[in-house]
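**Q** Next comes the sequence, and after it the predicted model I'd like to discuss.
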Protein chains: 4
Amino acid sequence: MPVKGESRSVTANARRAQILTATIETIAELGYGQASFARIAERAGLSSTRLISYHFAGKDELISALIADVYADMGRFMAERMADCADARDALATYIRSVVAYIAAHRAQMQALMSVFLGYRSESGASSYDADSEREVLGHLQGILRAGQESGAFRPFDTFVMAATVQRSIDGLPFLLRTAPDLDLEAYAEELAELFDRATRSAP
Amino acid sequence: MPVKGESRSVTANARRAQILTATIETIAELGYGQASFARIAERAGLSSTRLISYHFAGKDELISALIADVYADMGRFMAERMADCADARDALATYIRSVVAYIAAHRAQMQALMSVFLGYRSESGASSYDADSEREVLGHLQGILRAGQESGAFRPFDTFVMAATVQRSIDGLPFLLRTAPDLDLEAYAEELAELFDRATRSAP
Amino acid sequence: MPVKGESRSVTANARRAQILTATIETIAELGYGQASFARIAERAGLSSTRLISYHFAGKDELISALIADVYADMGRFMAERMADCADARDALATYIRSVVAYIAAHRAQMQALMSVFLGYRSESGASSYDADSEREVLGHLQGILRAGQESGAFRPFDTFVMAATVQRSIDGLPFLLRTAPDLDLEAYAEELAELFDRATRSAP
Amino acid sequence: MPVKGESRSVTANARRAQILTATIETIAELGYGQASFARIAERAGLSSTRLISYHFAGKDELISALIADVYADMGRFMAERMADCADARDALATYIRSVVAYIAAHRAQMQALMSVFLGYRSESGASSYDADSEREVLGHLQGILRAGQESGAFRPFDTFVMAATVQRSIDGLPFLLRTAPDLDLEAYAEELAELFDRATRSAP
DNA sequence: CATGAATGAGCGTTCATTCAT
DNA sequence: TATGAATGAACGCTCATTCAT
């Protein structure tokens, strides 16, 4: 039985990573609903699903770990990109461009993440992962928007609505990429940046 | 074994409607993945799941019927609302307000529809319903946007990106309503209308 | 509820015949195991399986009627052909040629009959139809063989074994025709006639 | 989920054998059509049908395994018996006696095999097992017959027809044994041997 | 750390049949 | 005579999980 405390052995972590990778690929390809332990084990080349149950307490923990992993990776990426932004307008545009860039470079992960968010209802906890993560992500965006309003760069508007709209405009990309894999994401990002700059800025 | 020909009997249609209602409620509440025939039958107060299989050829047909029903209803609602719009700016704002209004009045239906779109992969057809319906919906929006650009009311922008962004900003509402049922949708709609008016209009 | 007594109305008989024809075709094509009421009704163009249940007390009666029908028809055919046979050798050869000829002209019926015999276990009665019919058919053949032995035309042998062998050599034809529909049945019959003439006759 | 690679564990093989035995008994007694997983599991004393699904990929694999098992066993038996035959006449008689002897000693297996052949339509493959196996079995018999014709021991005749007739005369035995379990199979074999010797031999 | 074996519950579907017109 | 509606039981199969090494 694997550790519940703080650290895990090296090989255990390797196995977990291997399983998570297979899980991401499976969900990205078949959708959350079709991602059974059996199919994940098959893709990972495991002899039985038992190995998944062994390294993860259950499906809930597997999905939680997946979300945490992707979020952590994306968080690192975003933190680096957002480090030096001149002002709020720059920060918003940079945010949009950065998330789109991350999605472009991690299609499977993002596809899987979205599929999980939309297909997953934890039967243990009352609230879904969606709610918590959502609040967190939107919180960050709202921070940027509020700062812009305070500095006078942004016009008055409901920061929650604006943040949600920005986020949704990006969230949908993984699904869009399913049916249009050749989409020019850089151009897409520029269009969005321009769109939300006009939607938010105070001056004409 | 009902129907091969053209029409259905009155009682059969009543049963179908009853089952569809229960299906919508079940999916809206539990998500597509948890919406089994058993749970639907239980909610509908049916003696056995056999009745569902009897009135619908299979799960595929049940879901197809659900989508068609909701779409038809929404289509009627939208057509009425969009009938007389002065210009493109008005049309865009009306579109946003109308869809939001429809969602506000048909939360369960929309919740179910979204859940189906995101959790459903038809094993029969290659493409999911999502792809086809999406194209259709976006097509309508793109029509409004292009008309505005041609009349000079809208600035130049990629109509596909803009249409997708508008649509996503509304699509997400059913999910938002899950965690925030008390959201002021009228205000939300006004914020979106203002947001996209600024994002699209040509003049300062 | 249809008659249990002796006669049936004209239209009822027509319906029964229509259903029996569809049943024969269905069984011949898909095998007894796949011949459900639903599939039979579909092939017969009936609106519901209820019509079958209405005209036949149950599956057992449907199958019984099928067997009886085919047997009666084959019986008439055979009686005519076997009418004037010079001697036992002639009778045996004629029997073989006649049954083969009948099979050639009624492939679906025979295919269905065989499929029923081999796939059917009446849950009501203890003995299967096979046993009774078998005895009857073999009885006829044994009669021919015994007569030949008494007249000295046939050598001594176990008439039951010989009759069974003759019958099996013909029974299998419907199945053979499945995989080899172009089989020359006339030639086949001649080979069998020669084979069993040599196997039975007394003189060298 | 047992095995993707090459071999199976000891206990797994034991379970498979146990399940196969129960399957054979069930089919032999009730016929292929009534041999559900539930009935097989009950006979085998398994806690649930899940164990069957666990050890065999599906009903198709279960039936395939059954056929392969019985054929392999019969093949070994026949190979040993047919090892030293003086000539074609001897070979033919030995073939008949051997198959009958095998049937006598393995009634349930043969009953099951026949029931499967006649009641089974694989939905995966276009052709049934019957067709392939049939060709193989008849091929062997035809080999014996052709050799006899070439050596002059056998008269000219269609080897396919003769082989099919021989085979059918034996195939039917399992069914005959159902209604007449006390049949003297040794005597039966002798009658058949004599019958087909006369039918095939060239000299008077 | 890993694994084969086993499990009960649930899935969507199909079955022959009965009820009520 | 015909029919739509309804039904419970059973089907093969897959699910995530647990037991015992």
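**A** Here it is on my side, so go on.
**Q** switch to C-alpha atoms for all contacts and neighbour counts from now on
**A** Fine.
**Q** all helices for chain A, in order.
**A** Secondary structure of chain A (DSSP state H): helices at A:10-30, A:37-44, A:50-55, A:59-81, A:88-105, A:107-119, A:129-151, A:159-171, A:173-179, A:185-200.
**Q** Buried deepest among those helices, which one?
**A** Mean neighbours per residue, mean count of other CA atoms under 10 Å in any protein chain shown, is largest over these for helix A:107-119, with a mean of 23.
**Q** what distance separates that one from the middle of the whole chain?
**A** Relative to the centre of its chain, helix A:107-119 is centred 8 Å away, using CA atoms, centre = their mean, to the nearest Å.
**Q** Quick check: closest non-adjacent residue to A:Arg107.
**A** Distance criterion CA to CA, 6 or more residues apart in numbering or on different chains; nearest residue to A:Arg107, sequence neighbours excluded, is A:Pro174 at 6.5 Å.
**Q** List the contacts of that neighbour.
**A** Contact analysis of A:Pro174 by CA atoms under 8 Å, 6 or more residues apart in numbering or on different chains lists A:103, A:107, A:110-111, A:114.
**Q** May I see the helices of chain A organised as JSON lines, with distance to DNA strand E and mean pLDDT added?
**A** JSON lines is the format used below for these (distance: least, CA to the nearest atom of the strand, whole Å; pLDDT from 0 to 100):
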{"stretch": "helix A:10-30", "distance to DNA strand E": "4", "mean pLDDT": "91"}
{"stretch": "helix A:37-44", "distance to DNA strand E": "10", "mean pLDDT": "93"}
{"stretch": "helix A:50-55", "distance to DNA strand E": "5", "mean pLDDT": "93"}
{"stretch": "helix A:59-81", "distance to DNA strand E": "14", "mean pLDDT": "92"}
{"stretch": "helix A:88-105", "distance to DNA strand E": "30", "mean pLDDT": "96"}
{"stretch": "helix A:107-119", "distance to DNA strand E": "15", "mean pLDDT": "88"}
{"stretch": "helix A:129-151", "distance to DNA strand E": "23", "mean pLDDT": "86"}
{"stretch": "helix A:159-171", "distance to DNA strand E": "28", "mean pLDDT": "96"}
{"stretch": "helix A:173-179", "distance to DNA strand E": "24", "mean pLDDT": "86"}
{"stretch": "helix A:185-200", "distance to DNA strand E": "37", "mean pLDDT": "97"}
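**Q** Turn those into a markdown table, including distance to B:Thr94.
**A** A markdown table is the format used below for those (distance: least, CA to CA, whole Å):
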| stretch | distance to B:Thr94 |
| --- | --- |
| helix A:10-30 | 36 |
| helix A:37-44 | 46 |
| helix A:50-55 | 51 |
| helix A:59-81 | 36 |
| helix A:88-105 | 27 |
| helix A:107-119 | 28 |
| helix A:129-151 | 26 |
| helix A:159-171 | 18 |
| helix A:173-179 | 25 |
| helix A:185-200 | 18 |
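**Q** D:Ala153 is nearest to which of the ones you listed?
**A** Nearest to D:Ala153 among the helices of chain A is helix A:37-44 (59.2 Å), distances taken as CA to CA.
**Q** how near is the residue in chain A that chain C sits nearest to to chain B?
**A** Proximity to chain C, evaluated over chain A using CA to the nearest CA, is greatest for A:Gln34 at 30.1 Å. Counting by CA to the nearest CA, to the nearest Å, the gap from A:Gln34 to chain B is 9 Å.
**Q** I'd guessed A:Ala104 sits against A:Leu185; true?
**A** Yes: if you go by CA atoms under 8 Å, A:Ala104 and A:Leu185 touch, sitting 6.9 Å apart.
**Q** and the gap between the nearest residue to A:Gln109 once chain neighbours are set aside and A:Val70?
**A** Nearest non-adjacent residue to A:Gln109, counting by CA to CA, 6+ apart: A:Ile24, 6.0 Å away. Using CA to CA, to the nearest Å, A:Ile24 is found at 10 Å from A:Val70.
**Q** got any residues that touch both of these two?
**A** A:Gln109.
**Q** Spell out which residues make up each domain of chain A.
**A** The record's domain parsing of chain A by automatic domain parsing lists A:1-57, A:67-200.
**Q** Can you check which of the ones you listed gets nearest to D:Met82?
**A** Closest among the domains of chain A, using CA to CA: domain A:1-57, at 43.4 Å.
**Q** now that closest one: how far from the chain's centre is it?
**A** That offset, for domain A:1-57, works out to 19 Å (CA atoms, centre = their mean).
**Q** hmm, it in reach of DNA strand F?
**A** Yes: part of domain A:1-57 sits near DNA strand F under the criterion CA under 7 Å from any atom of the strand, namely A:34-39, A:49-50, A:53-54, A:57.
**Q** Mind picking the two most distant members of those residues?
**A** Farthest pair in the residues of domain A:1-57 next to DNA strand F, by CA to CA: A:Gln34 and A:Tyr54, 20.9 Å.
**Q** sorry, back to before: would you turn the domains of chain A into TSV with distance to B:Thr179?
**A** Converted to TSV, the domains of chain A look like this (distance: least, CA to CA, whole Å):
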stretch	distance to B:Thr179
domain A:1-57	21
domain A:67-200	7
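**Q** Ok, which of these comes nearest C:Ala163?
**A** Of all the domains of chain A, domain A:1-57 comes closest under CA to CA, at 56.0 Å.
**Q** now A:Arg198: how far from chain B?
**A** 5 Å.
**Q** I meant to write A:Ala91 there.
**A** 18 Å.
**Q** again, but for A:Ala163
**A** 10 Å.
**Q** again with A:Arg16
**A** 26 Å.
**Q** Chain neighbours aside, what residue packs nearest to that residue?
**A** Nearest to A:Arg16 is A:His55, by CA to CA, 6+ apart, at 6.5 Å.
**Q** ok, that neighbour touching A:Ala12?
**A** Yes: between A:His55 and A:Ala12 there is a contact under CA under 8 Å: 7.5 Å.
**Q** Kindly report the residues of chain A close to DNA strand F.
**A** Going by CA under 7 Å from any atom of the strand, the residues of chain A near DNA strand F are A:34-39, A:49-50, A:53-54, A:57-60.
**Q** and A:Arg43, what does it touch?
**A** A:Arg43 touches A:22, A:26, counting by CA under 8 Å, 6+ apart.
**Q** ok, A:Thr165 touching B:Asp171?
**A** No: look at A:Thr165 against B:Asp171 with CA under 8 Å: they stay out of range, at 10.2 Å.
**Q** Pull the number of nearby residues for the residue in chain A positioned nearest to chain D.
**A** For chain A and chain D, the shortest gap (CA to the nearest CA) falls at A:Ser48, measuring 5.9 Å. For A:Ser48, the neighbour count with other CA atoms under 10 Å in any protein chain shown is 16.
**Q** Dihedrals phi and psi, it?
**A** phi -150, psi 160 (degrees, to the nearest 10).
**Q** now it: how far from A:Glu80?
**A** 40 Å.
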